[in-house]
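**Student:** Got a sequence here, can you model it:
(chains A, B, C and D)
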Number of protein chains: 2
Amino acid sequence: MPVSPPRPKGPPLNALRAFEAAIRLGGFAPAADELCVTPGAISQHIKALEDWAEAPLFERRSQGVVPTDFGLSLAAPFATAFDAIGEAVRHLRSGAEHQTIHIAALPSVAQLWLSPRLPMIRTALAGHRLSVTALETPPNLGRELFDISIFLDTPTGQPGETILAEDRIFPVCSPEIAARLKSPEDLLAETWLYDAVWPDDWDRWLAQAAPGLKKKPNGPHFSLYTVALEETKHSAGILIGHAALVDSALKSGDLVAPFGEQVATGKALTVTVAPHQKSSKAVRQVLAMLGN
Amino acid sequence: MPVSPPRPKGPPLNALRAFEAAIRLGGFAPAADELCVTPGAISQHIKALEDWAEAPLFERRSQGVVPTDFGLSLAAPFATAFDAIGEAVRHLRSGAEHQTIHIAALPSVAQLWLSPRLPMIRTALAGHRLSVTALETPPNLGRELFDISIFLDTPTGQPGETILAEDRIFPVCSPEIAARLKSPEDLLAETWLYDAVWPDDWDRWLAQAAPGLKKKPNGPHFSLYTVALEETKHSAGILIGHAALVDSALKSGDLVAPFGEQVATGKALTVTVAPHQKSSKAVRQVLAMLGN
DNA sequence: AATTTCGCCCTAGAAAATCTAAGGGTAGAA
DNA sequence: TTCTACCCTTAGATTTTCTAGGGCGAAATT
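**Tutor:** Predicted coordinates for the structure are as follows:
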């Protein structure tokens, strides 16, 4: 029997991907985030790669890592390589029997803004499947398998980005509570509700709409805006509403805005199309339906 | 604490590599060979990929697999992608403190032809490391991490290929046995030794040098040509020698060629440089030293 | 000055991937 | 027909890969 001596192995592919993410995002923690693993996993991958290459790729500092010159010089070829992989994977996915459009959205946006619009989209796109994933942070559309992302964030101005509406905030509460509120000063006697993602909402609104008004934050914090909103409907307190998210509750009368003053946050409800999907008919159809 | 819902995962990278190899080489078995795993591993990777993509990539036939049209359409993008990965990995490897030149060679070539030339190369390339790997089949230089390959095979005419010497074969034996051999007919009384890789050597030589001479193969087979040659030196029988491989044994007088007639096999001792290394100074230096 | 925060490292154990070995089926050869 | 040679599949074992929990050191905050 012929002896087949072991061929020298290339580096593990997953380690390469970890490195690519780490060098692109500038740290292990964000890379771990993108790859949905713990930073420890990234750390191990990078170490394995450094052992394989016999060259240091990152310099470990106390509060993060800094790429070595050599590591930095690898950023471009690896970015190119994984772009190519992504492209190939997209081809692969395009062969599925039912095409699926993958939408990424902030949990609150998905539930409060996107959800009411989905039935319309679903019927218009018969034959396509629709997938909505709630994400805390916007995905990298060039790398990840999403076609469309919808977030309430500061616009970045990258290509494919469309601003649907400026973000404006103002207090909202149940009609019951609203009856007690004549002027902003009356707010001091009420419970204020907070969202964990936007803890500064109250400060921002007060600063512009009622300067001088101050109150120690004492109300409950909610990790999901939807839950906070639900509590607000039940008269648990007053919440700072984001125009796009409370719109339907205002229309239905479940909530009211006791004070007219709306404050712009500099953020916007932004929809972004993945670069490779700009020409897809179905995606553009979805985009058109989101735009109104 | 914020909930981070699971992002839709991309396909496993290793499965992509398995697919790329399978589609390029036209079957699971050769792909398994290139990746140094069993065909079962490839089979599983492909199945995982087909499940992920929800599309069949290969049609299973009784004696092998045939790519589907869709699978075939993915060949190009995946080839491109893994070329890019290879390129990036080469960059990565170039950062090692000690540069290493990786040579792949047929085991017999490595031991009998290359080995005597290595000291010279080693001294000329101080500061470089040299790695020699014995391989039964020539590696894909575009994909694998070898810089130079040296094989005794039919020239393919691909770029980077240099023919060092035509392959010629003829019987060799110890001087002791040679004394008994006056004419080719005397061979019939002797033990014939066979190499497992080139079992047809005897037939080929006989057909041209001594037509009509026939003998039932009865001698031992050796999986390593080097072992066969060693046995030949110990008068265990007569072996068909390949010019490039028995040269030094003939020069030293350990073996002799009892009959002058040399037969060309159509093969050649061929050295091939990896496409990406053609401009490397060290590699060209090695090449020059192999050429004489 | 003390404390908190942040990001990475380390290790042991757990989870998941990946592999091998044995099995089974088909085509062509004897 | 039976044998042989291929090639692919499947079940179980192995190895890789990941997570959790505990630390460390420097910068930012109190």
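**Student:** since we're on the one residue in the stretch 51-200 of chain A that gets nearest to DNA strand D, how many residues are nearby?
**Tutor:** Closest contact between the stretch 51-200 of chain A and DNA strand D, by C-beta to the nearest atom of the strand, is at A:Ser62 (3.0 Å). To be clear about C-beta, it is placed using only N, CA and C from the backbone, and glycine gets the same treatment. Around A:Ser62 there are 4 other residues, counting by other C-beta atoms under 10 Å in any protein chain shown.
**Student:** what's the answer for A:Val89, then?
**Tutor:** 23.
**Student:** Kindly report the same for A:Arg17.
**Tutor:** Neighbours of A:Arg17 under the rule other C-beta under 10 Å: 23.
**Student:** Next: A:Asp153.
**Tutor:** Count around A:Asp153 with other C-beta under 10 Å applied: 18.
**Student:** Repeat that for A:Ile103.
**Tutor:** When neighbours are counted by other C-beta under 10 Å, A:Ile103 comes out with 23.
**Student:** That one contacts A:Leu141, correct?
**Tutor:** No. Using C-beta atoms under 8 Å, A:Ile103 is not in contact with A:Leu141; the gap is 11.2 Å.
**Student:** which residues are common contacts for the two?
**Tutor:** A:Ser149 (C-beta atoms under 8 Å, 6 or more residues apart in numbering or on different chains).
**Student:** How about the helix or strand hosting A:Ala228, which residues are buried there?
**Tutor:** For A:Ala228, the host element (DSSP states H and E) is helix A:225-233. The neighbour-count check on helix A:225-233 (16 or more other C-beta atoms under 10 Å in any protein chain shown) flags A:Tyr225, A:Thr226, A:Ala228, A:Leu229, A:Glu231, A:Thr232, A:Lys233 as buried.
**Student:** residues touching the second one, list them.
**Tutor:** Yep, that's A:Thr226 we're talking about. Counting by C-beta under 8 Å, 6+ apart, A:Thr226 touches A:Pro107, A:Ser108, A:Gln111, A:Leu112.
**Student:** The first one now?
**Tutor:** For A:Tyr225, the set of contacting residues under the criterion of C-beta under 8 Å, 6+ apart consists of A:Pro107, A:Ser108, A:Leu112, A:Asp195, A:Val197, A:Trp198, A:His242, A:Leu245.
**Student:** Show me which residues of the stretch 101-250 of chain A sit near chain B.
**Tutor:** Taking C-beta under 8 Å from any C-beta of the partner chain as the contact definition, the stretch 101-250 of chain A meets chain B at A:102, A:107, A:131, A:133-136, A:139, A:144-146, A:196-197, A:223-224.
**Student:** Pick out whichever of the residues you listed sits closest to B:His91.
**Tutor:** Among these, A:Glu144 lies closest to B:His91 (C-beta to C-beta), at 24.4 Å.
**Student:** Look at that closest one and report its pLDDT.
**Tutor:** Per-residue pLDDT puts A:Glu144 at 85.
**Student:** Could you pull up phi and psi at it?
**Tutor:** Backbone dihedrals for A:Glu144, given as degrees, to the nearest 10, come out at phi -90, psi 170.
**Student:** cool, A:Thr162 as well?
**Tutor:** Backbone torsions of A:Thr162, given as degrees, to the nearest 10, read phi -130, psi 130.
**Student:** what does A:Ala55 give?
**Tutor:** Here is the backbone geometry of A:Ala55 (degrees, to the nearest 10): phi -150, psi 140.
**Student:** Excluding chain neighbours, give the residue nearest to it in space.
**Tutor:** What sits nearest to A:Ala55 in space, not counting adjacent residues and going by C-beta to C-beta, 6 or more residues apart in numbering or on different chains, is B:Gly95, at 3.8 Å.
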